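>>> Let's see this in three dimensions:
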Amino acid sequence: QVQLVESGGGSVQAGGSLRLSCAASGRTFLSTMAWFRQAPGKEREFVGGITWGGGTISYADSVKGRFVISRDNAKRTVDLQMNSLKSEDTAVYYCAVKQSNVVVTTLDYDYWGQGTQVTVSS
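As a prediction, the model looks like this:
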């Protein structure tokens, strides 16, 4: 079992930055860690993912060039640095772990956190 706890959400003005962090307990060896988000009335969508060694990093087109995902395997954490935030980035952000060393952009992940709210005001 893997438990995930997100932190770092909050409110920010457009153009600002936030850093989300997710701490995992349990086995994350050779896993993929990712961030998803879900805006009100919309489906949950992939934001970014990173494999165990960082050899594969993938982002949604909507966040490329603005968001950076990173992980620390010793601490079992995955972070999401969000820059140049836009109102359309407003959503609940979820951390996810897939017990496979491949980034997928679907919801096919094994463990999920409870989510953290990010609100961007224009």
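>>> Which of the helices or strands spans the residue positioned nearest the centre of the chain?
With distances taken as C-alpha atoms, centre = their mean, W35 lies nearest the centre of the chain, 2.1 Å away. Here W35 sits within strand 32-38, counting by DSSP states H and E.
>>> what's that strand in contact with?
Contact with strand 32-38 is made by 20, 22, 24, 44-52, 69, 71, 78, 80, 89, 91-98, 100-104, 107, 109, 115, 118, as judged by C-beta atoms under 8 Å, 6 or more residues apart in numbering. Just so you know, the C-beta spots here come from the backbone N, C-alpha and C atoms, and that holds for glycine as well.
>>> right, and the helix or strand after that strand?
strand 45-50.
>>> buried stuff in whichever helix or strand comes after that next one?
Using DSSP H and E, the next helix or strand after strand 45-50 towards the C-terminus is strand 57-59. Neighbour-count burial for strand 57-59 flags S58, Y59 (criterion: 16 or more other C-beta atoms under 10 Å).
>>> Give me the next element, helix or strand, following strand 57-59.
That would be, after strand 57-59 and using DSSP H and E, strand 67-72.
>>> ok, and what's touching that next one?
Under the contact criterion C-beta under 8 Å, 6+ apart, strand 67-72 has outside partners 33-35, 47-50, 54, 57, 59, 77-83.
>>> Quick check: buried residues in that strand?
The neighbour-count check on strand 67-72 (16+ other C-beta under 10 Å) flags F67, V68, I69, S70, R71 as buried.
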